[in-house]
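> when you get a sec, could you give me coordinates for this:
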Amino acid sequence: MISNLVQQPNSQSAGEQRLILNNVSWQQYETVRTTLDDVPGLRMTYLEGTLEIMSPSPEHEVDKKAIARLIEIYALEMDIDLTGYGSTTFRKQAKARGLEPDECYCFAQLKEVPDIAIEVVLSSGGIDKLSVYQGLKVPEVWFWRNNQFTVYRLRQEGYELISRSEFLPKLDLSVLAQYVKLPSQTQAVKAYRDTLRQA
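Modelled structure (predicted):
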């Protein structure tokens, strides 16, 4: 039986809703996941019996789409073979973990898990996403928080904070960050493309 229903109101951005359920079995998680699969925009994170259901705010979705478009123009301009997974659900029953990244990518062909997962964080609280990603063995996780990127690389002992992506070592994340919040995504992509071409 699912118990200990918790609504997380702390530091939420406008329009963002988060619900935490404790004592959720893997089978219950799978059932909820299947039942709500057709609900657009919902994100579910499962970690060892705790299930977080999050409905992202418009700001969250705009930021994640802007980041995706900017990364994709970077890959195009740098002739990098990048394949997007979007917000695909990744699950591993043996590790009791599952989630949908905001965006994620593989280099060249698709793999069982993405090479890079991207999380937009506008509010505090909730499940520790790095613990979930570690169980899924995702090599690199980027967080967009407070208008800047932080990057973590999976090592033998866990995730290590690194200054730049090891998959995209020439990508200057501080420059990329300058274009995420521009009012027009199309103009942001064009301006970022121009910056890349001038470098």
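> max-length helix in the protein?
In the chain, taking DSSP state H as the definition, the longest helix is helix 58-77.
> what residues of whichever helix or strand comes after that one count as buried?
Note on helix 58-77: by DSSP states H and E, the next helix or strand toward the C-terminus is strand 82-84. Neighbour-count burial for strand 82-84, counted by 16 or more other Cβ atoms under 10 Å, picks out L82. Just so you know, the C-beta spots here come from the backbone N, C-alpha and C atoms, and that holds for glycine as well.
> right, and the helix or strand after strand 82-84?
Strand 82-84 is succeeded, C-terminally, by strand 90-92 (DSSP H and E).
> which strands and helices sit next to the helix or strand that that next one is followed by?
Reading on from strand 90-92 to the C-terminus, the next helix or strand found by DSSP H and E is strand 97-99. Packing partners of strand 97-99 (3 or more Cβ pairs under 8 Å, 6 or more residues apart in numbering; DSSP states H and E): strand 43-47, strand 90-92, helix 129-136.
> return the distance of the longest helix of the chain from the chain's centre.
12 Å (Cα atoms, centre = their mean, to the nearest Å).
> same check on stretch 116-131?
On Cα atoms, centre = their mean, the centre of stretch 116-131 falls 7 Å from the chain's centre.
> keeping just the C-alphas, turn it into CSV.
C-alpha atoms of stretch 116-131 as CSV (Å, rounded to 0.1, in the frame of the first residue of the first chain):
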residue,chain,number,x,y,z
ILE,A,116,24.5,13.0,-21.2
ALA,A,117,21.4,13.8,-19.2
ILE,A,118,20.2,17.4,-18.5
GLU,A,119,18.1,18.5,-15.6
VAL,A,120,16.5,21.9,-15.2
VAL,A,121,16.2,22.8,-11.5
LEU,A,122,13.9,25.7,-10.6
SER,A,123,12.8,24.6,-7.2
SER,A,124,14.4,22.8,-4.2
GLY,A,125,13.4,19.6,-2.6
GLY,A,126,12.5,16.2,-4.0
ILE,A,127,14.5,13.1,-4.8
ASP,A,128,18.3,13.3,-5.2
LYS,A,129,18.6,12.9,-9.0
LEU,A,130,22.3,12.0,-8.9
SER,A,131,21.5,9.0,-6.8
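> which parts of that stretch are buried?
Those would be 116-123, 126-127, 129-131, for stretch 116-131 by 16+ other Cβ under 10 Å.
> from the residues you listed, which two are the most distant?
I116 and S123 (22.6 Å; Cβ to Cβ).
> average pLDDT across the longest strand along the chain?
Across the chain, the longest stretch assigned as strand under DSSP state E is strand 148-155. On average, the pLDDT along strand 148-155 is 98.
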